[in-house]
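Novice: Structure of the sequence below:
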Amino acid sequence: MRRIVPGWVKWPQMDFPLLVSLLLLIGFGLVVLYSASGQDMSVVYRQGTRLGVGLVAMLVLSQVPPHILRLWTPYLFALGMALLLATWFFGVGRSTSRWLDLGPFRFQPSEIMKLAVPMMVAWYLHPRRLPPDLLSTLTCFAILLAPAVLIARQPDLGTALLVAVSGCFTLFLAGLPWRVILGSAGLAAAAAPALWYLMHEYQRNRVRTFLDPESDPLGSGWNIIQSKIAVGSGGVLGKGWLNGTQSNLEFIPERHTDFILAVLSEEFGLLGVLLLFALYLFIASRGLYIAGMARSTYARLLAGSLSLTFFVYVLVNGGMVSGMLPVVGVPLPLISYGGTSIVTLLAGFGILMSIYGHRNFIR
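Specialist: All right, here's what the predicted structure looks like:
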């Protein structure tokens, strides 16, 4: 019996270098997570399940042509905004309202916007002349600021900034003039003092701790001090897998989530961190290479934005763990224990696979 499927459902050519590098990163992440979780296999199994869901999402999205994704973009953005508004009224969490409880599982709607915002900005710019004029630029800023404000209100300032950055990368790749970029940066710097008064007290404490963690070494400064001790004690070659003292003695806080890089640094040393960052850099570079091969404005802007934003996550987490940036709760991509963030990341790579597989078609 003949199988009938939509004409656009085809198995595109997968980008083998990107796929292999992602699988290597995932495998290494599970190895590090086993140690960081105190050799708790249940944590590894749960992480493996979420990674499996993310890989399925990646494979499914790799089959959807970019022009179909472009048609779906406004609906995805509207869904994300609706879920953010629902989180405002029905969100759950400890002292925050970042999750929606759907019974069998909970998820963060803000993670959806990490994909929806660059997709929406690329969708808006696709039929328009580039570089964008003033009206188009202001419209794009409105698109990225609307979800960012809702996310910051949860409060989750770190994710709000990353969502806004993903939209800004799309504008940058669209050829936004440098005078506009520098002018916007100047306005943001001028508004920084006012932002201080809008921040919650715990967010202000994070900034104070970043500036002087030794002022409260047993309180707010504990996390970053112990993290830097672990990073420094690893030396060049590390203490060996499962041999990290700071991790095994539970001095490192959130060691299997936000601060898992500290565990990795202690056990695998500077060499292990450099190899990991080289892998991250290759993945981001491969994404930019795919963006360069894209045949439509939408695909090119989206692929470039997703690739750059992915590497920003790496830099922010690394800066946070090493004390070079304030602690903002950004996990290390595909290494830290997580749920919605893992599925969202791999779904983004599914979009990159789709753009690569359909690079010879113009829509």
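
Novice: What are the buried residues along the longest helix that the chain contains?
Specialist: Secondary structure assigned by DSSP state H gives helix 260-293 as the longest helix of the chain. Buried residues in helix 260-293, defined by neighbour count with 16 or more other Cβ atoms under 10 Å: 260-269, 272-273, 276, 279-280, 283-284, 286-287, 290-291. (Each C-beta comes from the backbone N, C-alpha and C, glycine too.)

Novice: What of stretch 25-39?
Specialist: Going by neighbour count (16+ other Cβ under 10 Å), the buried part of stretch 25-39 is 25, 26, 28, 29, 30, 31, 32, 33, 34, 35, 36, 37.

Novice: can you confirm residue 181 is in a helix?
Specialist: Yes. Secondary structure of residue 181 (DSSP: H, G, I helix; E, B strand; the rest coil): part of a helix.

Novice: That one and residue 168, how far apart?
Specialist: Using Cβ to Cβ, to the nearest Å, one gets 9 Å for the distance from residue 181 to residue 168.

Novice: do the same with residue 176
Specialist: Between residue 176 and residue 168 the distance is 9 Å, computed by Cβ to Cβ.

Novice: Residue 160 now?
Specialist: Between residue 160 and residue 168 the distance, using Cβ to Cβ, works out to 13 Å.

Novice: phi, psi of the nearest residue to residue 320 once chain neighbours are set aside?
Specialist: Nearest residue to residue 320, sequence neighbours excluded (Cβ to Cβ, 6 or more residues apart in numbering): residue 327, at 5.3 Å. Summarising the backbone geometry of residue 327 under the convention degrees, to the nearest 10, its torsions are phi -70, psi 120.

Novice: My read is that residue 327 contacts residue 209, right?
Specialist: Yes. Here residue 327 lies in contact with residue 209, judged by Cβ atoms under 8 Å, at a distance of 7.3 Å.

Novice: Low-confidence regions, the stretch 51-200 of the chain specifically.
Specialist: Confidence mapping of the stretch 51-200 of the chain against pLDDT under 70 gives the ranges 91-97, 103-105.

Novice: quick one, which of residue 181 and residue 168 is more surrounded?
Specialist: Between residue 181 and residue 168, counted using other Cβ atoms under 10 Å, residue 168 has the larger neighbour count: 22 against 13.

Novice: quick one: the strands in the protein?
Specialist: Here the chain has its strands, by DSSP state E, at 100-101, 106-107.

Novice: what does the last one contact?
Specialist: Defining contact as Cβ atoms under 8 Å, 6 or more residues apart in numbering, one finds that strand 106-107 is touched by 92, 99, 100, 339, 340.

Novice: quick one: which of those residues sit in helices?
Specialist: Helix and strand membership here follows DSSP H; of the contacts of strand 106-107, those in helices are residue 340.

Novice: Can you tell me which of the contacts of strand 106-107 is nearest residue 244?
Specialist: Proximity of the contacts of strand 106-107 to residue 244 was ranked by Cβ to Cβ; the top entry is residue 339 with 24.9 Å.

Novice: Not including adjacent chain positions, what is the nearest residue to the closest one?
Specialist: Of all residues apart from its sequence neighbours, residue 50 sits closest to residue 339 (Cβ to Cβ, 6+ apart), at 5.5 Å.

Novice: Is there a neighbour count for that neighbour? I'd like the number.
Specialist: 18.

Novice: Model confidence at it, what's the number?
Specialist: pLDDT recorded at residue 50 is 93.

Novice: Could you do residue 294 as well?
Specialist: The per-residue pLDDT reported for residue 294 equals 91.

Novice: if I pick it, what's in contact with it?
Specialist: Residues in contact with residue 294, defined by Cβ under 8 Å, 6+ apart, are 66, 300, 303, 355, 359.

Novice: Spatially nearest residue to residue 25 (excluding sequence neighbours)?
Specialist: In space, residue 25 comes closest to residue 334 once its chain neighbours are excluded; the distance is 5.1 Å by Cβ to Cβ, 6+ apart.
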